[in-house]
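Peer 1: quick one: sequence plus predicted model below, questions after.
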Amino acid sequence: MNRLILIKYGELTTKKGNRNFFIKTLTKNIEHKLSNFDVKIKKDLSRMCIYFNDCDLKKIIDTIKDIFGIHAYHVAYITNTNIDDIASTVLELLKEKEFKTFKIETKRGDKSFSLSSPEVSKKLGGHILKNIPNINVDVHNPEVLVKVEITAKETYIYLDSYKGSGGYPVGTQPRALLMLSGGIDSPVAGYLAMKRGIKLDCVYFEAIPHTSMQAREKVIELTKKLVKYTDSINLHIVNFTPIQEEIYKTSDPNYVITIMRRMMYRIMERLAKRNKAYAIINGESIGQVASQTLVSMKAINSVTNFPVIRPVACLDKLEIIDIAKKIDTYETSILPYEDCCTVFVPKHPVINPNMYTCEELEKKFNFEEMISDAVKNTMTIKIKDIDDVNDLL
C-alpha cells in the first residue's frame with residue numbers, strides 16, 4: 001500500500017480571496033522544513049499530500065507538527081476511486097490491527113461518484129465484516145475509526161489523526177519586531193504572533209555591565225526555540241546602557257521604568273523602519289506590573305505611531321506559563337539572569353504616569369542623539385540553527 005501524509009489547511013480555507021497565496025506560503029514553509037528529507041509535495045485548494053520514504057515518517061511528523069497553517073494531518077493510504085479497490089485497501093489496512101469494533105466514515109469530494117457517502121460506508125463495512133471474524137460495527141464508540149475521502153481521481157484512507165498547530169503560515173503577514181526581554185511572557189507573545197502569520201524579528205535591550213553575557217545567551221537560546229516555527233529570525237541586540245544610566249541619573253526614581261520604556265519604543269520604531277517592519281510586539285499583560293497598567297501603556301505608547309500588538313495582554317500568568325511550557329521556553333525564561341528592566345527597578349514605580357511629567361523629565365538629557373547612536377550600533381544576528389550563533393556568544 002502507498003502511504004503519504006495528508007494535510008488539512010483548516011483556517012486557510014476561510015480566506016477565499018487569498019487562499020492561493022496562503023497555500024503557496026504554507027507549501028514554501030513545509031518545503032523548507034523538510035528540505036533534508038526525500039519528499040514530494042502535491043497540493044490543491046482542499047488538501048496537501050506529502051509523499052515520503054517510510055524510514056523518515058516519525059521525523060517528518062515531528063517536524064510538521066510545529067508548522068503554522070496546518071489544522072490537522074494524517075498518515076493516509078492512497079488508492080484509486082474503484083469501490084472494489086477501496087474495499088481491498090481498507091481490508092488490508094485493518095487486517096494489521098487488533099480490534100473488536102469499528103466504524104467507517106466516508107466523505108465524497110467528488111459528488112458524481114456512483115454511491116452516496118452512507119452507501120460507501122455500508123458497502124465497505126460489509127466487506128470488512130465478511131472477511132474479519134468476531135468484530136462488530138459500533139457507530140458511537142468504535143475502537144477503530146476508518147476515514148475514507150473520495151476525490152475525482154484518488155481515494156485517501158486513514159485511521160490516525162494528528163492536530164496541527166493551526167493559525168496562518170508564517171509569512172502571510174509582513175514583518176514585525178518583538179521586544180524579547182528574556183522573561184516568560186515575551187517568547188509566548190512571539191509564538192502567538194507567528195501563529196497569526198507574522199514574520200518575526202526580535203529586539204533585545206542589554207545594559208552591560210549591569211546585565212551579563214549570560215543574559216544575552218539566554219535571549220539567544222529563546223530565539224533559537226522560537227525559530228523552529230519559522231525559517232530564520234533576526235535578533236537585534238541594542239546597547240541600552242548609556243540611555244539607561246542617563247535616565248537613572250536625571251529622572252524621578254518612580255518614573256524610571258516609564259521613561260525607559262518610552263525610549264525603547266522610540267528605538268523600536270526606528271529599527272522597525274530600518275528593517276521594513278509594520279508593528280511592534282511585546283509580552284505585556286494588563287495590570288501585571290506597574291508599566292503595564294492601561295494608563296502606563298497610554299503614556300508609553302504615545303511616543304510611537306506604529307501599532308503595538310500585545311498577544312498575551314488578556315491572559316492570566318498561569319495561562320502564559322502553560323503556553324511557555326508547551327513551546328519549551330519556560331525553563332530557559334526562568335534562568336536567574338537579570339534584564340535591563342529589572343536592574344534599576346524603583347521601590348514604588350508609578351502606575352498612573354502623568355504625560356506632562358514624562359515629557360518634562362525627558363527634557364533633562366539629549367535622548368535623540370543617544371537613541372540615534374543606539375540604533376546605529378545595534379548588532380544583528382541571523383539565527384537559523386546552533387551553528388549560526390556559537391561564535392557570537
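Peer 2: Sure, I can see it.
Peer 1: so what's the residue count around D54?
Peer 2: By other C-beta atoms under 10 Å, the residues close to D54 number 6. C-beta: built from backbone N, CA, C; applies to glycine.
Peer 1: what pLDDT does D160 get?
Peer 2: Listed pLDDT for D160 reads 87.
Peer 1: would you say it is within a strand?
Peer 2: Yes. Assignment of D160 by DSSP: H, G, I helix; E, B strand; the rest coil places it within a strand.
Peer 1: how near is the residue lying closest to it once chain neighbours are set aside to Y156?
Peer 2: Take D160 and drop its neighbours on the chain: the residue closest to it by C-beta to C-beta, 6 or more residues apart in numbering is V75, 5.4 Å away. For V75, the distance to Y156 equals 10 Å [C-beta to C-beta, to the nearest Å].
Peer 1: next one: I150
Peer 2: Relative to Y156, and taking C-beta to C-beta, I150 is found at 8 Å.
Peer 1: more neighbours, those two?
Peer 2: Between I150 and Y156, counted using other C-beta under 10 Å, the more crowded position is I150 (24 against 20).
Peer 1: angles on the backbone of the more buried one, please.
Peer 2: Here is the backbone geometry of I150 (degrees, to the nearest 10): phi -110, psi 120.
Peer 1: that one reaches G109, doesn't it?
Peer 2: Yes. Taking contacts as C-beta atoms under 8 Å, I150 lies within contact range of G109: 6.5 Å.
Peer 1: what ranges do the strands span in the stretch 251-393 of the chain?
Peer 2: Here the stretch 251-393 of the chain has its strands, by DSSP state E, counting those that start in this stretch, at 280-281, 308-309, 379-383.
Peer 1: pLDDT below threshold where in the chain?
Peer 2: Across the chain, the ranges flagged by pLDDT under 70 are 1, 12-15, 340-344, 385-393.
Peer 1: can the strands of the stretch 251-393 of the chain go into TSV with extra columns for mean neighbour count and distance to I237?
Peer 2: Formatted as TSV, the strands of the stretch 251-393 of the chain follow (neighbours: other C-beta atoms under 10 Å; distance: least, C-beta to C-beta, whole Å):
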stretch	mean neighbour count	distance to I237
strand 280-281	26	17
strand 308-309	18	21
strand 379-383	15	5
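Peer 1: now for these, which one comes closest to I351?
Peer 2: I351 sits nearest to strand 308-309 of all those, at 18.7 Å, using C-beta to C-beta.
Peer 1: direction included, what does that closest one pair up with?
Peer 2: strand 280-281 (parallel) (DSSP bridges).
Peer 1: off-centre distance for the strand it pairs with?
Peer 2: Taking C-alpha atoms, centre = their mean, to the nearest Å, one finds the center of strand 280-281 at 15 Å from the center of the full chain.
Peer 1: cool, and stretch 365-376?
Peer 2: That offset, for stretch 365-376, works out to 33 Å (C-alpha atoms, centre = their mean).
Peer 1: check stretch 266-274 too.
Peer 2: The answer for stretch 266-274 is 23 Å, by C-alpha atoms, centre = their mean.
Peer 1: can you list contacts of it?
Peer 2: Contacts to stretch 266-274, defined as C-beta atoms under 8 Å, 6 or more residues apart in numbering, come from residues 176-177, 179, 203, 205, 236, 238, 277-280, 303-306, 367, 371, 374-375, 378.
Peer 1: put the buried members of these into a PyMOL selection.
Peer 2: Those of the contacts of stretch 266-274 that count as buried under 16 or more other C-beta atoms under 10 Å are selected in PyMOL with:
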select buried, resi 176+177+179+203+205+236+238+277+279+280+303+304+306+367+371+374+375+378
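Peer 1: so which of the contacts of stretch 266-274 sit within helices?
Peer 2: Among these, the ones falling in helices (DSSP state H) are 367, 371, 374-375.
Peer 1: let me have those residues in TSV, extended by distance to I334.
Peer 2: Below are the ones in helices among the contacts of stretch 266-274 laid out as TSV (distance: C-beta to C-beta, whole Å):
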residue	distance to I334
F367	33
I371	31
A374	28
V375	31
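Peer 1: list the buried ones in the top helix by length along the chain?
Peer 2: For the chain, the helix with the greatest residue count under DSSP H is helix 256-274. Neighbour-count burial for helix 256-274, counted by 16+ other C-beta under 10 Å, picks out 256-272.
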